[in-house]
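Asker: heads up, no residue letters with this:
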């Protein structure tokens, strides 16, 4: 493990800073060991305090790093775990994602729509059944990904929108869960909206929370129906804070425009049910809604996104637009 | 049935106009009889030609009209059916929705999240179990719906976005399907994006297509998780054209920004599968994609909306942003 | 329509016989017209009274009759409808199936496991993708079906157990439902246990009930995973009685050993939920169980069968063994 | 850990006995430490060889043992893990269950039908919403369980059929899975047919397999719809053997009458798909079926059981009757 403590940076205000009020620090952490389960059994890679900032890197889903070197087996080898001092079961860990940037010029994707994303008849009738690993060129200047294989018509070019497929903590009940899988602990949620600028909130199950990140996508369609995004390595920066004794059943995200809950389960409807149910709790706990008012309001105000339908659990995002929330 | 043929309007170019090239007409049709099944067994209310425009009205989901008068039983009594001259099985009926406007000052909604929209445990733990019919005031000037019942906190006010819950044709195989239900024939899709300005494309199953519309919502959240939108009566204007011998397995919508396929089924995943599968066909048939290219592209470009999870079939919308489609 | 009223047969005791107490009759009815929807819109083929017995025939699922003649289009063309005098919405129609016998020497089946019966990966990896229509020899003497195609290894021979795939009444709400589909009205339930000797109980939705039967299988595996049973024509005899003002949400069956409820829906779990829920109601209404006792008992006594996972709705059977029911 | 090596017993023929051909032993193992995850991270409680017999005990699902003493937290604390010498990934572990006997006079069960076993409306309309822990008297002489609480009508008495809810090995990919959950590794399958006399076959994922058992039920209904069987402690005896390099995707069971595959997943249909798919593989690998013949045969010969619909994954059993299998 190769890490270096950068100059402590004095921050004037850090929400959730623990009482000892030590100055927040910035840690530069370059991972050399990666993990394929979300689990409290792995030794902390770095101990950080609420308010601290971490500057780090993630390998791609197949374990290839920013130098094009294979550094770990797939799927989704994780950077971390980061042990957050003071985090205890029942707290909510807030991860403010400040930067997700591609750090190499290529990515790969799948070539076939995933088994559960299409009608079974479409699988039966497929002419070209062989999966291929498709290579994309990433053009950081123009902010596009380009697929220019002569035999694939038409040429495809799409804007980049870098995101992290995985942000997770150690699961509850001593479980060690594959990095292919999302759950109440976060994990492989593969949500295209998990981009720089969002706050990800994760319920803490174990002392220190044990934060993992990985599986960067230079871009991903909703549903992740090809089974991958544009898989590549990333430079990532984030800051952690803690909300003490703050209940949440499922991961939450806040960005400029929305508050969101990410439910993960199979079947797809159950993922939606989890997200919807926890959104109702959130509106009642923090936004002044009665049980009845929350339901009436959600019926006319809720939005949904289908994050992915390809992992062992599927992920649905329930969203409320902040501009439609009642004024406090 | 009270209808009046307005002045024929000469249109300079109407896509899909049938060969006899008669001048398009505008029909004003005020319904007096409504239907509770989508079926070819109902007598045509009006015979129209491709290119014709219809100016009409819809009662609300419970059968109350623009005068507050109960004119039909629920659910979702339909205006129509409109018999489209020349429409034959295998054609695609294009309904350009030009206007959906509220025509009274109130709407109603449900008060409880629907059975399949929340965790079963949330139903078991509900304190207030009695469904209520909630009345909303519709303020057309400010374009908002307002719920101002003293016992519901906080006060709720939301922007209006009038839409039609139902646009459908007679189903295939001689079926008569309840107006509660969506399917390959359209029907009660309850999609919040079915607003003025869109083109709805429906596969024709029976001679004349037999177009039905109804179930206006002054606004609706995605998922329609309260089991209703803001249910009210509407003034509706639309034009029909035909795409002859144009295959589509599921209803399609085009608006300014997107092309879309609406799949309806249970479970929710199957609705998504239908929409995804037919979107692939569409990209291959009309946008120059090979089988492989369509799949690679969809993996990184697809968007989804969850139209509703409350009707006998659920509805999922697969969408592609037109600005990301390859130039022809 | 070719039918002949046989000699009235005096029955000594007929449960549910209506008050006018006319002597039960036996009707011999040989169908010449068949239907492809369950619907109250079809004209009654025969009017019968509670207590009457019907001796009739069914064509196979593809519309081939007992002479090997194609007499109707598929799927599952129905014999009937039989109008039951005195049947009204809210009643329960009891159809005692007295005979289901093959009346020709061949049957056909599908050759591929159905799309939703196997993993999508199994579909993708299938070497032999072309569906074939497989012919079986029916040997009534030895009571076996035999498949003896030289290229199919090993030779297959299975005992016959003749059943009806379809027993249904006109659906509620004016719907006309394809004969491919099961529902609360019965229909294409494809339950291998629907054999001679059972009583099928169907909730009445329309005056006269309008009973349809069809889709005989000389044998069928549970799940009907090949999409068919051994499809053939049948000689059928049944007697109808009525239970007046007897609520049931779903079809029920009673045989020598079990009482059963058949729920039909997608997803599969919802079919199971319907069957379980209505079984609880039945135990509480007719067997003296309190709400709590019914649940405790069902947890330790319930049995299930998966009737089929191939029709537009799937069918699950919830069963209670009569020997485990409390003594009255 | 309290264990005693009994006299080695010379067995004349042990299928799968490894080459070193040591005499099989009988181990008496009384557990004092229990586990709440299926995981290779737990230290072996006992090392056994193929052919060895284990005489042991299991605590009940809540961690109460044969003396009525609370010895472990729930859910389903496991006895084991038993390290099987020579077991390697790719082998099939065969656990012949020779005895499952209740060893105390009481059991407990749930009192409410589980959330996913009934219609959501049945949950909403429930009068009595409070779950209770129900105590049953176990009468070993008469082989019945009796519920005799004065306020529960009617009195309930049901025959005992002791079974194990959990038989599992360490999962693949380094996962540690809660003992609430079944999967490809076995685990909490809660199958009422897992009784004395069956052979359970489990794919080996880790060296030594690491076999766990627990969660005895004196009786259980199919579906386990009350969320429990009659939960109690058990005396258990089993023998292990190994089938080297024998692929199986899911747990298999063989009893006197059937061969079976147990698929576990959500949704319920996916559990059925796994079981069906692996049964096809089994028929092709071991019973001489071609790809096509297997599918034709399964369509007319398959049986299913719904093991349970209450655990994080549901379990469906696909079965083939041995008397209907072709003669070798």
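Answerer: Structure received. Remember, predicted model here, so these are calculated numbers, not experimental data.
Asker: ok and the lengthiest helix in chain A relative to helix C:268-286, angle-wise?
Answerer: Criterion DSSP state H: the longest helix present in chain A is helix A:268-286. Relative orientation of helix A:268-286 versus helix C:268-286 (axes from the mean of the first three to the mean of the last three Cα atoms, to 10 degrees): 80 degrees.
Asker: Buried residues in the next helix or strand after helix A:268-286, which are they?
Answerer: Where DSSP states H and E defines the elements, the next helix or strand beyond helix A:268-286 is helix A:291-301. Of the residues in helix A:291-301, A:292, A:293, A:294, A:295, A:296, A:297, A:298, A:299, A:300, A:301 count as buried by neighbour count, 16 or more other Cβ atoms under 10 Å in any protein chain shown. Just so you know, the C-beta spots here come from the backbone N, C-alpha and C atoms, and that holds for glycine as well.
Asker: ok, so of those, who is nearest residue D:120?
Answerer: residue A:295 (14.4 Å; Cβ to Cβ).
Asker: Tell me the pLDDT of the closest one.
Answerer: Note on residue A:295: pLDDT of 98.
Asker: Can you give me the pLDDT of residue A:155?
Answerer: As predicted, residue A:155 sits at a pLDDT of 87.
Asker: can you tell me how far it sits from chain B?
Answerer: 7 Å (Cβ to the nearest Cβ, to the nearest Å).
Asker: for residue A:185, same thing?
Answerer: 18 Å.
Asker: do the same with residue A:98
Answerer: 25 Å.
Asker: The buried residues of helix A:291-301 into a markdown table, with extra columns for distance to chain D?
Answerer: Below are these laid out as a markdown table (distance: Cβ to the nearest Cβ, whole Å):
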| residue | distance to chain D |
| --- | --- |
| A:292 | 15 |
| A:293 | 19 |
| A:294 | 17 |
| A:295 | 13 |
| A:296 | 17 |
| A:297 | 20 |
| A:298 | 17 |
| A:299 | 16 |
| A:300 | 21 |
| A:301 | 22 |
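Asker: So the residue in the stretch 101-250 of chain A positioned nearest to chain B: helix, strand or coil?
Answerer: Closest to chain B within the stretch 101-250 of chain A is residue A:226: 2.3 Å, counting by Cβ to the nearest Cβ. Under DSSP: H, G, I helix; E, B strand; the rest coil, the three-state class of residue A:226 is coil.
Asker: In this structure it contacts residue A:108, no?
Answerer: No. Using Cβ atoms under 8 Å, residue A:226 is not in contact with residue A:108, being 10.7 Å away.
Asker: What residues does the stretch 101-250 of chain A have near chain C?
Answerer: Contacts of the stretch 101-250 of chain A with chain C, taken as Cβ under 8 Å from any Cβ of the partner chain, map to A:115, A:116, A:119, A:120, A:121, A:123, A:124, A:126, A:129.
Asker: Counting neighbours around each, name which of residue A:226 and residue A:108 comes out higher.
Answerer: residue A:226 (27 against 19; other Cβ atoms under 10 Å in any protein chain shown).
Asker: residues in contact with the more buried one?
Answerer: Contacts for residue A:226 were tallied using Cβ atoms under 8 Å, 6 or more residues apart in numbering or on different chains; they are A:109, A:110, A:111, A:112, A:113, A:114, B:295, B:296, B:298, B:299, B:300.
Asker: Please list the residues of chain A that sit near chain D.
Answerer: So chain A meets chain D at A:36-37, A:39, A:41, A:173-178, A:265-267, A:270 (Cβ under 8 Å from any Cβ).
Asker: Quick one: those residues as a markdown table, columns for distance to residue C:74 too.
Answerer: Listed next are these as a markdown table, based on distance: Cβ to Cβ, whole Å:
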| residue | distance to residue C:74 |
| --- | --- |
| A:36 | 51 |
| A:37 | 52 |
| A:39 | 55 |
| A:41 | 58 |
| A:173 | 52 |
| A:174 | 55 |
| A:175 | 50 |
| A:176 | 52 |
| A:177 | 48 |
| A:178 | 46 |
| A:265 | 39 |
| A:266 | 34 |
| A:267 | 31 |
| A:270 | 36 |
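Asker: Filter the residues you listed down to just the buried residues.
Answerer: Looks like those have A:36-37, A:39, A:41, A:174-178, A:265-267, A:270 buried, using 16+ other Cβ under 10 Å.
Asker: so how far is the first residue of stretch A:184-194 from its last?
Answerer: Distance across stretch A:184-194, first residue to last, is 16 Å (Cα to Cα, to the nearest Å).
Asker: Hmm, I typed the wrong one, I wanted stretch A:181-199.
Answerer: Between where stretch A:181-199 begins and where it ends, there is a gap of 21 Å, by Cα to Cα.
Asker: For the closest residue to chain C within the stretch 201-328 of chain A, list the residues it contacts.
Answerer: Residue nearest to chain C within the stretch 201-328 of chain A: residue A:267 (6.6 Å; Cβ to the nearest Cβ). Contacts of residue A:267 were listed using Cβ under 8 Å, 6+ apart, and they are A:314, B:267, B:268, B:269, C:267, D:266, D:267.
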